[in-house]
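Novice: build me a model:
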Amino acid sequence: MMVTISRNKVDSPQLGYLSVPIEKHVVKGCPLYYRIISGSEKPAFTALKNMISLLKDPGANFTPGALDYTLSGNTTNIHHTLLQKRNGTFYLILWQEVSSFDPDAKQNINVTSRQVTLTLNQPIGSANTYLPNNSKALLKSATNPNKITLNVPDYPLVVELPTLF
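Specialist: Presented below is the predicted three-dimensional model:
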């Protein structure tokens, strides 16, 4: 499975463009330019590593199912991608497709998160949110959700949605 998430971030420390085979853990083979001269990881490297860790799904090909959901609220410039793992768990990735870097001033632009409501029109066991740009740790969790209020930044917000079989 190939995942592609595009962002227009020139020289920004935030996740830019991700297109990786999920079944291969490519982080260990990343070139040295993903590290700062001191040897520490650049923020983009960490974001990519966290995203791969969360979404990897090694194994045989499968036919993904469908998730019945809607997004409402302040959805201007909100982009989203729906993925599914072999075990049936869905991953909804949302982000604002807006400029967050001023190339002339060479500085970040503060982008306010947009409040979006995710309505699930089918039973879901839980909803777990992650911000891989910041950490691979769980941000929030809800049990048997029908509606979830999300604050969508200008970088990927991942909503993990295990299905009920």
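
Novice: how far away is the residue nearest to residue 89 when sequence neighbours are not counted from residue 120?
Specialist: Counting by CB to CB, 6 or more residues apart in numbering, the nearest residue to residue 89 once its immediate chain neighbours are dropped is residue 162, at 4.6 Å. All C-beta atoms are positioned from the backbone trio N, CA, C, and that covers glycine. Distance of residue 162 to residue 120, given as CB to CB, to the nearest Å: 12 Å.

Novice: so for residue 138, what's the pLDDT?
Specialist: Looking at residue 138, its pLDDT stands at 96.

Novice: so what's it closest to, chain neighbours aside?
Specialist: Closest residue in space to residue 138, ignoring its immediate chain neighbours: residue 128 at 5.6 Å, by CB to CB, 6+ apart.

Novice: what is the strand or helix carrying the one you found packed up against?
Specialist: Per DSSP states H and E, residue 128 falls inside strand 126-130. For strand 126-130, the packing partners by 3 or more CB pairs under 8 Å, 6 or more residues apart in numbering; DSSP states H and E come out as strand 140-143, strand 157-161.

Novice: swap in 10 Å and give it another go.
Specialist: helix 43-55, strand 90-96, strand 114-120, strand 140-143, strand 147-152, strand 157-161 (3 or more CB pairs under 10 Å, 6 or more residues apart in numbering; DSSP states H and E).

Novice: to residue 105, which of these lies closest?
Specialist: Closest of the helices and strands packed on strand 126-130 to residue 105 is helix 43-55, at 19.0 Å (criterion: CB to CB).

Novice: send the alpha carbons of the closest one over as CSV?
Specialist: In CSV, the C-alpha atoms belonging to helix 43-55 read as follows (Å, rounded to 0.1, in the frame of the first residue of the first chain):
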residue,chain,number,x,y,z
PRO,A,43,11.5,17.7,12.9
ALA,A,44,10.5,16.5,9.5
PHE,A,45,12.4,13.2,10.1
THR,A,46,10.6,12.7,13.4
ALA,A,47,7.2,13.4,11.9
LEU,A,48,7.8,11.0,9.1
LYS,A,49,9.1,8.3,11.5
ASN,A,50,6.0,8.7,13.7
MET,A,51,3.6,8.6,10.8
ILE,A,52,5.2,5.4,9.4
SER,A,53,5.2,3.8,12.9
LEU,A,54,1.5,4.6,13.2
LEU,A,55,0.4,3.5,9.7
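
Novice: for whichever helix or strand comes after it, which outside residues touch it?
Specialist: Once the chain leaves helix 43-55, the next helix or strand it forms, by DSSP H and E, is strand 69-73. For strand 69-73, contacts defined as CB atoms under 10 Å, 6 or more residues apart in numbering pick out 78, 80, 82, 90, 92, 94, 114-122, 124, 147-150, 152, 159, 161.
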